[in-house]
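Sequence first, then the predicted structure, then my questions.
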Amino acid sequence: MQNKPQHFSIIFILTLLFLFTIELLTITQNTIIIPWTQFLAEMSSYLVRLFDTHAIAQGVVLRDSQSGFAVSIQPGCNGIEAIIVLIAAILAYPSSIKAKINGIIIGFIAIQLLNIIRIISLFYLGQWNQTVFEWAHQYVWQALIMLDVLLVFIIWIRLLKNNPAEKKSEPAHAG
């Protein structure tokens, strides 16, 4: 009989190692990570400009043209690492390919929406109070983004458990 938690853990860890390795490759950085991070800065700037015309995006930087304050969206702040953790968890969990793809797509959207809120909130916190900015950046938002990953994964599992098609695809267990 197969030990499911151990099976999950092995696939999860190997997938994490593989995806983090791919993420670190120069070609991945230049073709996916940096353009995505620039898109996040542009999207954040666009959303801020709906209420505040002083926001501009310059590459991976969101800047206030009036005060000069800027936040730079660096590795670890673009949500990619959180998405890698979610993808590894979903791929390691026994379910259909369709369910995995749906979970990854919906999880990607949920994590990135929260990450844009994170970027914009830090943009304003930094202009208001540097100490609060540092605390929110280092502690609050790091925890909230990973909590988002965990919640998305738990919700995805619960939806799987309630899906009759997924119940049919689960292997029978002896014992």
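That came through, no problem.

low-scoring pLDDT stretches of the protein, where are they?
Along the chain, segments meeting pLDDT under 70 span 1-5, 164-175.

What ranges does it have for its strands?
All strands of the chain, identified by DSSP state E, fall at 55-58, 61-64, 70-72.

Relative to the shortest one, what are the paired strands and their orientations?
Read that as strand 70-72. Here strand 70-72 has these sheet partners by DSSP bridges: strand 61-64 (antiparallel).

For the strand it pairs with, list the C-alpha coordinates in PDB.
Only the C-alpha atoms of strand 61-64 are listed here, as PDB (Å, rounded to 0.1, in the frame of the first residue of the first chain):
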ATOM      1  CA  VAL A  61       9.300  50.400 -10.600                       C
ATOM      2  CA  LEU A  62       6.100  52.100  -9.500                       C
ATOM      3  CA  ARG A  63       6.900  55.800  -8.800                       C
ATOM      4  CA  ASP A  64       5.000  58.800  -7.600                       C
END
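
quick one, longest helix in this protein?
Counting residues, the longest helix in the chain under DSSP state H turns out to be helix 97-128.

Mind giving me the packing neighbours of that helix?
helix 34-49, strand 61-64, strand 70-72, helix 80-92, helix 130-135, helix 141-161 (3 or more CB pairs under 8 Å, 6 or more residues apart in numbering; DSSP states H and E). The way it works is simple: take the backbone N, C-alpha and C, and place the C-beta from them, glycine included.

Mind putting these into a markdown table with mean neighbour count?
Shown next, in a markdown table, are the helices and strands packed on helix 97-128 (neighbours: other CB atoms under 10 Å):
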| stretch | mean neighbour count |
| --- | --- |
| helix 34-49 | 17 |
| strand 61-64 | 20 |
| strand 70-72 | 18 |
| helix 80-92 | 21 |
| helix 130-135 | 13 |
| helix 141-161 | 16 |
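
So for Ile119, which of the ones you listed sits nearest?
Closest approach to Ile119 among the helices and strands packed on helix 97-128 is made by helix 34-49 (4.6 Å; CB to CB).

I'd like to know how far Trp36 sits from Ile73.
Look at Trp36 and Ile73: by CB to CB, to the nearest Å, they are 10 Å apart.

could you dump the strands of the chain to CSV with distance to Gln127?
Shown next, in CSV, are the strands of the chain (distance: least, CB to CB, whole Å):
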stretch, distance to Gln127
strand 55-58, 11
strand 61-64, 6
strand 70-72, 10
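
nearest to Leu24, of those?
strand 70-72 (19.2 Å).

Report the separation between Arg158 and Leu122.
Distance from Arg158 to Leu122, by CB to CB: 31 Å.
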